[in-house]
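1. sequence? don't have it. structure:
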């Protein structure tokens, strides 16, 4: 199967659940790189944390490391002066499916990958974008999960994946002719201070990156020039695969979707799915139904109406929830103040899947995605423990559709939000394939 490599001796996986740990791991991977850094992200913000990461990539280029960056063309918020500065420094930047009149269908096909690949032997893959809210630094954050991978998988398939993507006709050179401006919602946010100065012409791009890097290390929570070995203490995995869809101009099928269906079809005891945007496709619904007929326990965790940042997607899931509950699926909804954003699966307590893949039609048919699959009891145990922290902050939905112990269908959601959901549920079936 394309995009898959079997694990070899020396492959390790370490789950990155803690936000500061996820920042430090990225800093270390970038600073320790010696030859090559290939970076692929669905969204790169214009906040101070994203600028700090870009400063580290620029510094790597200055010390002789080849740096290439791919960003989805709809979600590339890197300030234009910064992009121009990075290009002058030698950093390669390309956009996936930028909005262009001559490619009208590109607007609905996005690159949802989130990958940092260093020297072809270390990789971070998961659900975090380069945005401070994905690292717990905002007022309302995204609850995420990544995996640090080291070994042959990153070396072989990671390199092939990126080279295929970099050469794809779906990429275009980044557009630096646009005028940078800061969104109105961020005008008073201190984490966009440097971006506001760039928009006002009060600071140069080079100085902004230098300052962002200094601010990242100022508190002492994140350490520069660390010699941390992120594979230390991690046993070699039994079997490891890297899955990718990148570089395919027209996706008639998804390698990750096929693998997920195969894993569900082979499940014997339990299936746990975590997805912030859950709209069960026809193929996955059939596979889950057949698994339940074999006696497999199916557990799902997704956002609640109060925690979701995508109302229309929640409406699509809400239309399916009654049927899932009637079939005996154990449904949980995230109850926290933040947005649930982790995307993982655990099969039979021994197969772990971590990546960018949402269990919805958009991931199955439209977006490119990446993930790692580890058939290993140690990694699976790590993932289960990480999942338990999310379930501890969630409520289980009872047979009546309410959270168990509550007389409200949507606790913590405003009346306005509930009214919006009613309207969205009417529209959701018409655009289900695009949710």
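-> Perfect, I can see it now. Everything quoted here is computed from the prediction, not taken from an experiment. Residues are numbered from 1 along each chain as shown.
2. most centrally placed residue in the protein?
-> Computing the C-alpha centroid of the chain and ranking residues by CA atoms, centre = their mean puts residue 127 first, at 2.0 Å.
3. wait, doesn't that residue sit right on residue 357?
-> No: counting by CB atoms under 8 Å, residue 127 does not reach residue 357; the two are 9.1 Å apart. Heads up, the C-betas are built off the backbone N, CA and C, glycines and all.
4. Are there residues contacting both of those two? Which ones?
-> Taking CB atoms under 8 Å, 6 or more residues apart in numbering as the criterion, residue 127 and residue 357 both touch residue 343.
5. which residues are in contact with stretch 225-238?
-> Under CB under 8 Å, 6+ apart, the answer for stretch 225-238 is 7, 9-14, 24-25, 27-29, 31-32, 122, 148, 150-151, 374-379.
6. Can you list the buried residues in it?
-> Across stretch 225-238, burial judged by 16 or more other CB atoms under 10 Å covers 230-231, 234, 236-237.
7. so which of those comes closest to residue 49?
-> Closest approach to residue 49 among the buried residues of stretch 225-238 (CB to CB): residue 230, at 19.7 Å.
8. The closest one - that's part of a helix, no?
-> No: in this structure, residue 230 is coil, not part of a helix, as judged by DSSP: H, G, I helix; E, B strand; the rest coil.
9. how near is the nearest residue to it once chain neighbours are set aside to residue 244?
-> Counting by CB to CB, 6 or more residues apart in numbering, residue 230 lies nearest to residue 148, which is 4.9 Å off, once chain neighbours are set aside. Distance of residue 148 to residue 244, given as CB to CB, to the nearest Å: 17 Å.
10. Could you check which of these two is surrounded by more residues?
-> Neighbour totals were compared for residue 148 and residue 244, and residue 244 leads with 30 against 26 (other CB atoms under 10 Å).
11. where does this protein dip in pLDDT?
-> 1-10, 179, 184, 188, 246-253 (pLDDT under 70).
12. domain assignment for it?
-> 12-218, 251-434 (automatic domain parsing).
13. any chance of those in CSV, with distance to residue 224 too?
-> Listed next are the domains of the chain as CSV, based on distance: least, CB to CB, whole Å:
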stretch, distance to residue 224
domain 12-218, 5
domain 251-434, 27
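14. what about residue 210, which helix or strand?
-> For residue 210, the enclosing helix or strand under DSSP states H and E is helix 205-218.
15. Looking at the contacts of stretch 225-238, which are in strands?
-> 12-14, 122, 148, 150, 374-375 (DSSP state E).
16. Just the buried residues of these.
-> By 16+ other CB under 10 Å, the ones in strands among the contacts of stretch 225-238 give 12-14, 122, 148, 150, 374-375 as buried.
17. Looking at those, which one is closest to residue 385?
-> Closest to residue 385, out of all of these and judged by CB to CB, is residue 14, at 12.8 Å.
18. so what's that closest one closest to, chain neighbours aside?
-> residue 148 (4.4 Å).
19. which residues touch that neighbour?
-> With CB under 8 Å, 6+ apart, residue 148 has these contacts: 13-16, 25, 29, 122-124, 230-231.
20. Just put those in a markdown table and tack on distance to residue 398.
-> Shown next, in a markdown table, are these (distance: CB to CB, whole Å):
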| residue | distance to residue 398 |
| --- | --- |
| 13 | 36 |
| 14 | 37 |
| 15 | 31 |
| 16 | 34 |
| 25 | 39 |
| 29 | 44 |
| 122 | 45 |
| 123 | 41 |
| 124 | 38 |
| 230 | 41 |
| 231 | 43 |
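21. and residue 68, what are its bridge partners?
-> residue 38, residue 92 (DSSP bridges).
22. follow-up on the earlier one: give me phi/psi at the residue nearest to the centre of the chain?
-> Torsion angles at residue 127 (phi, psi; degrees, to the nearest 10) stand at phi -110, psi 0.
23. got it, and the one 4 residues further on?
-> Torsion angles at residue 131 (phi, psi; degrees, to the nearest 10) stand at phi -150, psi 140.
24. Lovely, talk soon.
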